[in-house]
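Visitor: coordinates for the following, if possible.
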Amino acid sequence: MITIDGLTRRYGDFTAVDDVSFTARPGRVTGFLGPNGAGKSTTMRVLVGLTPAGAGTATVRGRRYADLPNPGREVGVLLDASAQHAGRTGREILGVAAHTMGLPKRRVEEMLELVSLSPAESRRRVRHYSLGMRQRLGIATALLGDPDVLVLDEPANGLDPAGIRWMRDLLRDFADRGGTVLLSSHLLHEIEVVADDLVVIGHGRIVARGTKAELLAAAGTLVRSTARAELARALGASGITHTDHGPDALRADADPGLVGEVALAAGIALHELRPADGAGLEEMFLELTADTQREGAVA
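Guide: So this is what the prediction gives:
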């Protein structure tokens, strides 16, 4: 389990992370979302001991990362795939990490096979790797110690569609076997497919958190009818707030059952009635972070 409690980190007058609290639980993938500069990477860096916290705590299974006796055996970390030693081969990088963790050499071969780096690729210097290959090597390093927790920042960058699906299946299997996954990504569709829980951050503060189903359900109901004006009046008379959604649709702040009952009582025929999560995570994300966008800033 990962527990972030009241975490704050300032750089001079700039507050990168402001009283952030959330939990990533075992057996679940927690998606950590936010615009550029929102504080995702800073939070993760504090969690794995690369940046000190100004206030609050960030712990893994109740302990700070720095206090873990052999961190790689408990927490797999991938924050920057391009930070690997460019002059070493992929096999050498895994070999050094395995030696540091006290792991048998066979573990290197197992990880190379798991992430589909061929023998020839594993003997190539990392400076000659594509970004996708570096991501695979970074994932192999994170999984090398057979940890129970994964902390991954944008792990799908540089992967082709087949690689992204492979990543999704790998993380889903890891969580289904009881592991804890904290996953930051700007690929919202991939987060939507794999995540169980969502934490949305903007300007260093949490703007939403909960299960994926809860947050998407909060989007309300999409209802479509050729009698939109009459439907709007009926919803308003029932105390249901709503907004226009295209030429013949409304988005209502109520569940579909209640909206359907109002329409039936008013004698209004409906052409569509469904939860308004059809646009999925991207729509929810943009709405929640509309006031916190900082394109081009450093997270």
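Visitor: beta partners of residue 153?
Guide: Following DSSP bridges, residue 153 is listed with bridge partners residue 184.
Visitor: which ones are touching it?
Guide: 40, 41, 44, 78, 79, 80, 184 (CB atoms under 8 Å, 6 or more residues apart in numbering). Backbone N, C-alpha and C define where each C-beta goes, glycine included.
Visitor: and the residue most central in space within the chain, what does it touch?
Guide: Centroid-nearest residue in the chain: residue 31, 2.5 Å away (criterion: CA atoms, centre = their mean). For residue 31, the contacting residues are 183, 184, 185, 191, 192, 194, 195, 197, 198, 199, 212, by CB under 8 Å, 6+ apart.
Visitor: and it, that one's in a strand?
Guide: Yes: looking at residue 31 with DSSP: H, G, I helix; E, B strand; the rest coil, it is inside a strand.
Visitor: any chance you could map the strands in the stretch 51-200 of the chain?
Guide: 55-60, 75-78, 149-153, 180-184, 197-202 (DSSP state E, counting those that start in this stretch).
Visitor: can I assume residue 188 is in contact with residue 156?
Guide: No: judged on CB atoms under 8 Å, residue 188 makes no contact with residue 156 at a distance of 11.3 Å.
Visitor: if you count surrounding residues, which of these two has more?
Guide: residue 156 (23 against 18; other CB atoms under 10 Å).
Visitor: contacts only, for that one.
Guide: Contact partners of residue 156, counting by CB under 8 Å, 6+ apart, are 135, 163, 164, 167, 185, 187, 190.
Visitor: could you pick out the one among the residues you listed with the lowest pLDDT?
Guide: Of all the contacts of residue 156, residue 187 carries the smallest pLDDT score, 71.
Visitor: thought that residue was touching residue 165?
Guide: No: using CB under 8 Å, residue 187 is not in contact with residue 165; the gap is 12.0 Å.
Visitor: lowest average confidence across the strands of the stretch 51-200 of the chain, which one?
Guide: It's strand 197-202: among these, that one has the lowest mean pLDDT, namely a mean of 91.
Visitor: quick one: that one to strand 180-184, angle?
Guide: Between strand 197-202 and strand 180-184, the angle comes out at 30 degrees (axes from the mean of the first three to the mean of the last three CA atoms, to 10 degrees).
Visitor: and the next element down the chain from strand 197-202?
Guide: Following strand 197-202 in sequence order, the next helix or strand is strand 205-211 (DSSP states H and E).
Visitor: what packs against the following helix or strand past that following strand?
Guide: Per DSSP H and E, strand 205-211 leads on to helix 212-217 as the next helix or strand towards the C-terminus. Secondary-structure packing of helix 212-217 (3 or more CB pairs under 8 Å, 6 or more residues apart in numbering; DSSP states H and E): strand 197-202, helix 280-288.
Visitor: and the first one, what other elements does it pack with?
Guide: Right, the one you point to is strand 197-202. Right, strand 197-202 is packed against strand 14-24, strand 28-33, strand 205-211, helix 212-217, helix 280-288 by 3+ CB pairs under 8 Å, 6+ apart.
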